[in-house]
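>>> can't give you the sequence, but here's the structure:
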């Protein structure tokens, strides 16, 4: 069998460590040059394959590839582009396989969340029926930590660390000013359907009673009266109250709190912010002075405060994907397996894509405290290892020196007749 | 002359490095025990003096005092409490001096911005006329960088670094996703009247054309048409546009673009919401997908990404304040003096408080680029040295291990008949 090339693509929302997975893939491919020829990366993810815009990774300098380990965002470009079902658009899958065939690509590494796991599985299946078999390996990535069968998702640990540290620091700020100024601080974090990121706010607590005093999860229906009572009680007791709120907090009827059709604290039409919604509620009913922050992309891009554990795991699943591919595996995903025991340790296992695709993992109920405003010891035991260790990027001129790739495209071999 | 005690208080909005100044004061006082007796700190700033709530700093462990160097927020508590004018409330000043007298306090170190410089000066003046002379030294602190006569204000460099790094990271995120997703990202930063903090966003630029593509300063009247044209042109050219907007952006008529309609204890307008205002404008006129972040307290509390230069300067002005006090100085402020020459170097000088109090320093016009959307090389030359160097706190359990003080209060000596 002639040596096959590899194709790597980044999918969906990027993270602080998805490039560490890319680094793992590329460096492992170099080690396995007897089996893997060139590594191509999709310019802007799977669109790069559909449009035959393939970045020739071999033309990047080795030090730039090494620097991917500490570079946030998607260095090759990512995209939000979900392939339709086979029934709806078989042509798209056929195009992918045609491009792979034209460039002698036999390995497909797709680095993303649930949607990309599904695409990865379909490519593997369809390629066989089309007579050009592709080994498709999915590499887990999501800040939302919502993939099944892996103990956690690379990308999540670093967001969790960012949220924990930011909550800790902002809470100290509020605590030192509350005698005469702000009494309530709200940090809005990502997580539309699962409260993993909000839960990480609890890791700011070093001692009983520390901030955050209230966490709002999408999993716990929002109860306005109980919430406001808890805010007031916390301010009465401690002088201030710190809240970490998931963007996905929902009312009892299942509608998003932020879609309540109200105006925000500044009189603008609702703009999708849970924090300003809560702030307005608190101001108008309790009369307390508030501040709020919305971290948005800062949280998932914050490589400067990445979790060393997360970086290591992201690199490891990238490397493992290549090792599994050269061992002949197909339609699988390397997963983080947590060992039993009180000391945290992990290894990389493998899970079949058929069990990953389109399955969303929610936070177990037993991780949420009885009052619904915090996490349990079990939740803490799960989360705490994921934010351990610092892994600072190098700096130049006061800011991180992140990789800048050349992104040379491979010459096209197919007619430019496909629109994507 | 019998040995006098010292009183230290933190004033106004806290910063990532105000405790480094406290550390400088306390450690220098220990070195000068022949002249300075006990160090007392005001619980919640000047309120602690008015209420005779004095923290006995001598009861804190030396390692906790040392840890103040890397601990954000106001470790002794700060407050927004501006003393009225002498004419309006002479009793308040008389009370301060009575408390100082009761506790044999001869040195007053007040760590804050313009308002506290004014208070400091008045205490010095009044104490003389009241026959209990106090040496009052003001220690500069403000994230807004708006104090005169000092080259920069401790606290600003760390916010500047946070804003530069956050802008860099978020911009990379947007760049990697813009093919199919967000085209415009807006980061709203602090700065009511001066655009120093927004200007720091420009330090994310490593090369010509890098993000941020637009900076909105309070100093440049907002021109909706020019702004929207620049956004569209940037998206057309680069595929995305990153904006750093000061909370104090003003319309041509001098009103704030986002006026929350509330005021703080100092009578300053409480702002916030420029980012959603701009986002709505962009969406409704250009139809571009946007994201925005509001860093709020995260930016000024972010000790985890503090500027080493800033930390060193904050410590140095605290230490210098004590050295000036024991040298018999009064009614002055240690200031950062930048040496001439292309290599950045600085020293601590002293300036009279009469020239500091109630003077606000704006960003020089020559620091803002001709189109009003960026900074000039002169501006960059000024700002860049201030964010140099990293000064990481120690970590435990994945988050910084910041100081927690005991805050033992000294026994009161005066009747509790003063209300503040």
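In hand now; what should we look at? On a predicted model such as this, the values are computed, not experimentally measured, just so you know. Numbering: from 1, shown residues only, chains lettered A, B, ... in the order given.
>>> Walk me through the domains of chain A.
A:4-141+A:305-359+A:388-400, A:156-301 (automatic domain parsing).
>>> what's the closest of the ones you listed to residue B:319?
Set against residue B:319 and scored by C-beta to C-beta, the domains of chain A come closest in domain A:156-301, at 21.7 Å. No exception for glycine: its C-beta is placed from N, CA and C like everyone else's.
>>> ok, residue A:225 to residue A:250 distance?
Distance, residue A:225 to residue A:250, by C-beta to C-beta, to the nearest Å: 16 Å.
>>> So for these two, which sits in the more crowded spot?
Higher neighbour count among residue A:225 and residue A:250: residue A:250, with 22 against 8, using other C-beta atoms under 10 Å in any protein chain shown.
>>> Spell out which parts of the stretch 1-150 of chain A neighbour chain B.
A:10, A:13-14, A:16, A:44-45, A:47, A:71-81 (C-beta under 8 Å from any C-beta of the partner chain).
>>> Narrow those residues to those that are buried.
With burial judged by 16 or more other C-beta atoms under 10 Å in any protein chain shown, the buried subset of the residues of the stretch 1-150 of chain A next to chain B is A:10, A:13-14, A:16, A:44-45, A:47, A:71-79, A:81.
>>> Counting only strands, which of the residues you listed make the cut?
Residues of those located in strands (DSSP state E): residue A:10.
>>> Give me the secondary structure label for residue A:142.
Counting by DSSP: H, G, I helix; E, B strand; the rest coil, the backbone at residue A:142 sits in coil.
>>> Tell me which residues touch it, please.
Contact analysis of residue A:142 by C-beta atoms under 8 Å, 6 or more residues apart in numbering or on different chains lists A:12, A:13, A:15, A:112, A:113, A:114, A:153, A:155, A:156.
>>> Kindly tell me how buried the fifth one is, as a neighbour count.
A count of neighbours around residue A:113, defined by other C-beta under 10 Å, yields 23.
>>> Give me the pLDDT for it.
On pLDDT, residue A:113 comes in at 94.
>>> same thing with the third one?
At residue A:15, the predicted lDDT confidence score is 98.
>>> How about it: what's its closest non-neighbour residue?
In space, residue A:15 comes closest to residue A:155 once its chain neighbours are excluded; the distance is 3.2 Å by C-beta to C-beta, 6 or more residues apart in numbering or on different chains.
>>> so the one you found sits right up against residue A:17, yeah?
Yes. If you go by C-beta atoms under 8 Å, residue A:155 and residue A:17 touch, sitting 5.7 Å apart.
>>> Strands of the stretch 151-300 of chain A, residue ranges please.
A:184-189, A:214-216, A:241-246, A:290-294 (DSSP state E, counting those that start in this stretch).
>>> cool, and the stretch 301-420 of chain A?
Taking DSSP E, counting those that start in this stretch, the strands of the stretch 301-420 of chain A run over residues A:332-338, A:346-352, A:395-396, A:399-400.
>>> before we move on, back to that, quick one: which of the buried ones among the residues of the stretch 1-150 of chain A next to chain B sit in helices?
residue A:47 (DSSP state H).
>>> Grab the nearest non-local neighbour of residue A:177.
Using C-beta to C-beta, 6+ apart, the nearest residue to residue A:177 is residue B:78, at 5.7 Å.
>>> so the one you found touches residue B:10, yeah?
Yes. At 4.1 Å, residue B:78 counts as touching residue B:10 under the criterion of C-beta under 8 Å.
>>> can you list residues touching both of those two?
Shared contacts of residue B:78 and residue B:10 (C-beta under 8 Å, 6+ apart): A:176, B:18, B:45, B:112.
>>> how close does residue A:3 sit to chain B?
30 Å (C-beta to the nearest C-beta, to the nearest Å).
>>> returning to that earlier point: residue A:311 is nearest to which of the strands of the stretch 151-300 of chain A?
So among the strands of the stretch 151-300 of chain A, strand A:184-189 is nearest, using C-beta to C-beta, at 20.5 Å.
>>> strands paired with the closest one, and their directions?
Each strand paired with strand A:184-189, and its direction, by DSSP bridges: strand A:241-246 (parallel), strand A:290-294 (parallel).
>>> ok, residues contacting that strand?
Identification of contacts with strand A:184-189 by C-beta under 8 Å, 6+ apart yields A:159, A:163, A:166-167, A:170-171, A:173-174, A:197-198, A:200-201, A:212, A:231, A:235, A:240-247, A:273-275, A:278-279, A:282, A:288-295, A:299, B:297-298.
>>> contacting residues for the residue nearest the centre of chain A?
In chain A, the centroid-proximal residue (C-alpha atoms, centre = their mean) is residue A:143; its distance is 2.0 Å. Residues near residue A:143 by C-beta under 8 Å, 6+ apart: A:13, A:15, A:153, A:155, A:156, A:159, A:190, A:197, A:299, A:300.
>>> Could you double-check that the first one sits in contact with residue A:301?
To tie it back to what came earlier, the one meant is residue A:13. No. Residue A:13 is beyond contact range of residue A:301, at 10.2 Å (criterion: C-beta under 8 Å).
>>> In terms of helix, strand or coil, where does residue A:8 fall?
Here residue A:8 is recorded as strand under three-state DSSP.
>>> do you know how far it is from residue A:105?
Distance from residue A:8 to residue A:105, by C-beta to C-beta: 10 Å.
>>> Overlap of the contact sets of the two?
By C-beta under 8 Å, 6+ apart, residue A:8 and residue A:105 have these common neighbours: residue A:40.
>>> More neighbours: which of those two?
When residue A:8 and residue A:105 are compared on other C-beta under 10 Å, the one with more neighbours turns out to be residue A:8, at 29 against 24.
>>> Would you mind naming the residues that bridge with the more buried one?
Beta-bridge partners, per DSSP bridges, of residue A:8: residue A:41, residue A:109.
>>> In contact with it, which residues?
So residue A:8 contacts A:22, A:25, A:26, A:39, A:40, A:41, A:42, A:57, A:76, A:109, A:110, A:111 (C-beta under 8 Å, 6+ apart).
>>> so which of those would you say is closest to residue B:392?
Set against residue B:392, the nearest of the contacts of residue A:8 by C-beta to C-beta is residue A:22 (26.3 Å).
>>> any idea which element that closest one lies in?
Take DSSP states H and E as the rule and residue A:22 turns out to sit in helix A:18-31.
>>> Any buried residues in that helix, and which?
Within helix A:18-31, judged by 16+ other C-beta under 10 Å, the buried ones are A:18, A:19, A:20, A:21, A:22, A:23, A:24, A:25, A:26, A:27, A:28, A:29.
>>> where exactly do the helices run in the stretch 301-420 of chain A?
Using DSSP state H, counting those that start in this stretch, the helices of the stretch 301-420 of chain A run over A:308-326, A:377-383.
>>> same for the longest one, what does it pack against?
Read it as helix A:308-326. Counting contacts by 3 or more C-beta pairs under 8 Å, 6 or more residues apart in numbering or on different chains; DSSP states H and E, helix A:308-326 is packed against helix A:18-31, strand A:36-42, strand A:105-112, strand A:135-140, helix A:156-177, strand A:332-338, strand A:346-352.
>>> what do you get if the cut-off is 6 Å, keeping everything else the same?
Contact here means 3 or more C-beta pairs under 6 Å, 6 or more residues apart in numbering or on different chains; DSSP states H and E; on that basis helix A:308-326 packs against helix A:18-31, strand A:135-140, helix A:156-177, strand A:332-338.
>>> Name the residues of the third one that are buried.
The neighbour-count check on helix A:156-177 (16+ other C-beta under 10 Å) flags A:156-177 as buried.
>>> what residue ranges in the stretch 151-300 of chain A score low on pLDDT?
A:260-272 (pLDDT under 70).
>>> Can you tell me which residues in it are near chain B?
Contact residues, the stretch 151-300 of chain A versus chain B (C-beta under 6 Å from any C-beta of the partner chain): A:161, A:164-166, A:168-170, A:172-173, A:176-177, A:179-181, A:266, A:268, A:271, A:291, A:293-294, A:296-298.
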